[in-house]
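S.K.: Here's my sequence, what's the structure:
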Amino acid sequence: MKSWDLRAAALTLGLMLAACGATPHSSPTPRGSSSPLPSPSASQSPTPQSSATSPAPTSCSTSQLKASLANGQGAAGSIIYSLQFQNVGQVSCTLFGNPGVSLVASESGPQLGAAATFVNHSQAVTVTLLPGATASAALQIAEAGNFPQSSCDEAPAAGLRVYPPGQTASLFVAHSGLQACRDSGAQLLQVGPVTG
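M.R.: So this is what the prediction gives:
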């Protein structure tokens with residue numbers, strides 16, 4: 001075959017490939033590419049919980065939570081509790097950081113002693129609470145009897161006033177048998193970050 005015949009054949013082949021949308025060096029679309037997916041049929045409708053349609057959870061508001069104390073265990077002059085937060089709302093939400101905690105004389109009564117100091121704050125992680133799920137923070141309460149009466153002024157506490165992380169509205173956690181100090185400088189409480 002003559003050279004001009006070869007050039008004509010190559011040109012014809014190139015035109016045919018271009019008409020088909022391919023080039024001599026094209027390859028099939030790889031798996032996992034961004035080629036469009038077929039529309040779902042009625043029997044293949046997307047689920048409402050798909051990550052593409054569900055918004056990211058927002059911070060848990062105080063109204064979405066119920067707080068309680070559990071698992072009191074004695075430790076050198078103090079008791080360590082699990083301060084638990086249950087999501088009683090209808091949607092998932094998140095908690096991050098340490099809750100605010102203080103001992104109180106009654107549900108709407110005055111604070112007794114100093115508010116809890118935050119410990120292990122650098123270890124805080126974002127915890128996502130599904131509806132009905134529970135997360136907790138370690139709460140250490142020192143025994144009021146260990147403080148000199150002159151710097152304590154011991155008094156019974158009806159429970160705790162608890163501010164979930166990032167919230168300005170509080171929850172009341174009733175708990176019998178707690179002793180507190182009336183002196184505002186008495187530091188009986190330490191609280192860690194919320195964990196899953």
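S.K.: give the contact list for the most centrally placed residue in the chain.
M.R.: In the chain, the C-alpha nearest the mean C-alpha coordinate belongs to residue 127, at 2.3 Å (CA atoms, centre = their mean). Residues near residue 127 by CB atoms under 8 Å, 6 or more residues apart in numbering: 94, 95, 96, 135, 194, 195, 196. In this view, the C-beta of every residue, glycine as well, is placed from N, C-alpha and C.
S.K.: which residue ranges form the helices in the chain?
M.R.: 3-19 (DSSP state H).
S.K.: Now tell me which helix or strand of it has the poorest mean pLDDT.
M.R.: When the helices and strands of the chain are scored by mean pLDDT, DSSP states H and E, helix 3-19 comes last with a mean of 43.
S.K.: buried sites along stretch 73-81?
M.R.: Neighbour counts over stretch 73-81 (16 or more other CB atoms under 10 Å) mark 78, 79, 81 as buried.
S.K.: got the contact list for that stretch?
M.R.: The contact list for stretch 73-81 (CB under 8 Å, 6+ apart) reads 69, 70, 71, 72, 138, 139, 140, 141, 142, 143, 146.
S.K.: And that stretch, how far out from the chain middle?
M.R.: 27 Å (CA atoms, centre = their mean, to the nearest Å).
S.K.: pull the CA atoms of that stretch into CSV?
M.R.: This file holds the C-alpha atoms of stretch 73-81, laid out as CSV (Å, rounded to 0.1, in the frame of the first residue of the first chain):
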residue,chain,number,x,y,z
GLN,A,73,-17.5,5.7,94.6
GLY,A,74,-15.5,6.7,97.6
ALA,A,75,-12.0,8.0,97.1
ALA,A,76,-9.6,9.6,99.7
GLY,A,77,-11.9,12.2,101.4
SER,A,78,-14.3,12.5,98.4
ILE,A,79,-16.8,10.7,96.3
ILE,A,80,-16.6,10.4,92.5
TYR,A,81,-19.9,10.3,90.6
